[in-house]
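Peer 1: no sequence for this one, just the structure:
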């Protein structure tokens, strides 16, 4: 029985070798056989293999050139390619990797090892396809919703300026505006996370006083905390210097503060602490919320990590995933400690700068 989606193209100019491969793999995978590089390229256009087992020494174009041409084809460039050859020199292996091969198997090969390698690369390709699909969906969501949202929010804001609106009409428009703004925030987060994952976000690292930055971030969140009847309390060690992008750092820290405001009970307190520990700074944000379910903790910083949709805050999973990416790009780590029913404490740890020497006159 063939595993779904497992298409393998075997390329070898030796008919005996092709027969051996067919015997080993034919009952497990969907196979296509080619006796030359030219034939392999023609078959691959229609067969679209998940994995190619590619001999090197062939008449016409050799395995190296066949590999390069497969990689240059947009439809075929994501196939996994394993070179299969009696050539065993390191220089020959390196040439295969330079041509775009993923791995190398030396003839005569061990059948069990070959099957194991095929399964590893089949699963890897499947995981990569899922990741690409997620990224494509994020991009599509971003592109297809921005214009309609603008078409909703702009007229709604104009209508709210109409002094002749009844109280009921105004309330309905406020509901429309609030929903559109919430969706716009979600789209913005989706777009930013997609760009972060693709490595398209630039980080301009400069020396900053992290102590002052964190105090500024806490001040930015005080109006939201006041509206939620929550207090923000700070304990910030002075003059802790680090190389960071202040804008992205604000995004990360304010996301944690916003999360704390959302979950802390009315009348509760959020504690923000910053301390220097040798060559690192420790920033903690502790809330007085209900805590995080133990089953969710290992997945908390993954995209869309939601276990309770009915009580989920929009964008929560995205914000924590964004925060982790930003922290990691600064060479830092993020962790959470959340005893059941005792609130949650997030800790960010960053490398700090050496003190600036004081000039002696």
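Peer 2: Received, thanks. Since we're looking at a predicted model, the values are computed, not measured.

Peer 1: what helices or strands is whichever strand in the chain runs longest leaning on?
Peer 2: In the chain, assigned by DSSP state E, the strand with the most residues is strand 269-277. With contacts taken as 3 or more Cβ pairs under 8 Å, 6 or more residues apart in numbering; DSSP states H and E, strand 269-277 sits against helix 210-227, strand 231-236, helix 246-263, strand 280-286. Where you see a C-beta, it was placed from the backbone N, CA and C, and this is true even at glycine.

Peer 1: can you give me how far stretch 246-266 is from the chain middle?
Peer 2: From the chain centre to the centre of stretch 246-266 is a distance of 20 Å (Cα atoms, centre = their mean, to the nearest Å).

Peer 1: For residue 352, grab phi and psi.
Peer 2: Main-chain torsions, residue 352, degrees, to the nearest 10: phi -110, psi 160.

Peer 1: Isn't it up against residue 281?
Peer 2: Yes: between residue 352 and residue 281 there is a contact at 4.9 Å, judged by Cβ atoms under 8 Å.

Peer 1: What pairs with the longest strand of the chain, parallel or antiparallel?
Peer 2: Sheet pairing of strand 269-277 (DSSP bridges) gives strand 231-236 (parallel), strand 280-286 (antiparallel).

Peer 1: ok now that strand, how far from the chain's centre?
Peer 2: 28 Å.

Peer 1: got the buried residues for it?
Peer 2: 269-274, 276 (16 or more other Cβ atoms under 10 Å).

Peer 1: Please enumerate residues in contact with it?
Peer 2: Strand 269-277 has contacts (Cβ atoms under 8 Å, 6 or more residues apart in numbering) with 210-211, 214, 218, 225, 230-237, 240, 257, 260-261, 264, 281-288, 349, 352.

Peer 1: still on that earlier bit, tell me which of residue 352 and residue 281 has more neighbours.
Peer 2: residue 281 (23 against 16; other Cβ atoms under 10 Å).

Peer 1: which stretches of the stretch 51-200 of the chain form helices?
Peer 2: With DSSP state H, counting those that start in this stretch, the ranges of helices along the stretch 51-200 of the chain come out as 63-72, 90-99, 111-160, 167-197.

Peer 1: Export these as a markdown table, with columns for distance to residue 56.
Peer 2: As requested, those are exported to a markdown table (distance: least, Cβ to Cβ, whole Å):
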| stretch | distance to residue 56 |
| --- | --- |
| helix 63-72 | 4 |
| helix 90-99 | 7 |
| helix 111-160 | 16 |
| helix 167-197 | 35 |
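
Peer 1: Out of those, which gets nearest to residue 43?
Peer 2: Nearest of those to residue 43, taken as Cβ to Cβ: helix 63-72 at 11.2 Å.

Peer 1: Show me what that closest one packs onto, helices and strands only.
Peer 2: Helix 63-72 is packed against helix 37-47, strand 51-55, strand 80-85, helix 90-99, with contacts defined by 3+ Cβ pairs under 8 Å, 6+ apart.

Peer 1: and with 6 Å instead?
Peer 2: helix 37-47, helix 90-99 (3 or more Cβ pairs under 6 Å, 6 or more residues apart in numbering; DSSP states H and E).

Peer 1: Point out the most buried one among those helices.
Peer 2: Among these, ranked by average contacts under mean count of other Cβ atoms under 10 Å, first place goes to helix 37-47 (a mean of 17).
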